[in-house]
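**Q** My questions are about this predicted structure, shown below with the sequence.
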Amino acid sequence: MRALLLALCLGVSSLWACAQTPPKAGDVITVEGRVVLKGNEPFIVAVLDAGDRQWDLRGLTRQQMLDLQSRTVTVTGVVARPPGEGPPAQLDVQAIR
């Protein structure tokens, strides 16, 4: 009985995740993930790896990027380029925790 209830809950939660609409340009969203740096100096880009998608983080200084490298953070920002409208998805950072 417990296994059946767990399977039902997991099925409903996965349907709920699929039903959520993807963010649009201009939406303010909060995303949690790990910051990785991509590219070569002096052209590095901070990327938030949120598991299901990656976001280029815009508006950070070079020092902020280096300080956040390999850390798990929560980022609040404005969607500059939504996922699916050409790679990469971009987020204008407003706050990082």
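**A** All right, it came through fine.
**Q** And the strands in the protein?
**A** 28-38, 45-49, 54-58, 72-81, 89-96 (DSSP state E).
**Q** Could you dump these into a markdown table and include mean neighbour count?
**A** For glycine as for every other residue, the C-beta is placed from the backbone atoms N, C-alpha and C. Formatted as a markdown table, those follow (neighbours: other CB atoms under 10 Å):
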| stretch | mean neighbour count |
| --- | --- |
| strand 28-38 | 15 |
| strand 45-49 | 20 |
| strand 54-58 | 20 |
| strand 72-81 | 17 |
| strand 89-96 | 17 |
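**Q** now those strands as CSV including mean pLDDT?
**A** Formatted as CSV, those follow (pLDDT from 0 to 100):
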stretch, mean pLDDT
strand 28-38, 97
strand 45-49, 98
strand 54-58, 97
strand 72-81, 97
strand 89-96, 97
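**Q** Would you convert those strands into TSV that also reports distance to Q64?
**A** Formatted as TSV, the strands of the chain follow (distance: least, CB to CB, whole Å):
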stretch	distance to Q64
strand 28-38	10
strand 45-49	8
strand 54-58	9
strand 72-81	11
strand 89-96	8
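**Q** The closest residue to L66 other than its chain neighbours and Q20, how far apart?
**A** Leaving aside its sequence neighbours, L66 sits nearest to L37 (CB to CB, 6 or more residues apart in numbering; 7.7 Å). Distance from L37 to Q20, counting by CB to CB, to the nearest Å: 29 Å.
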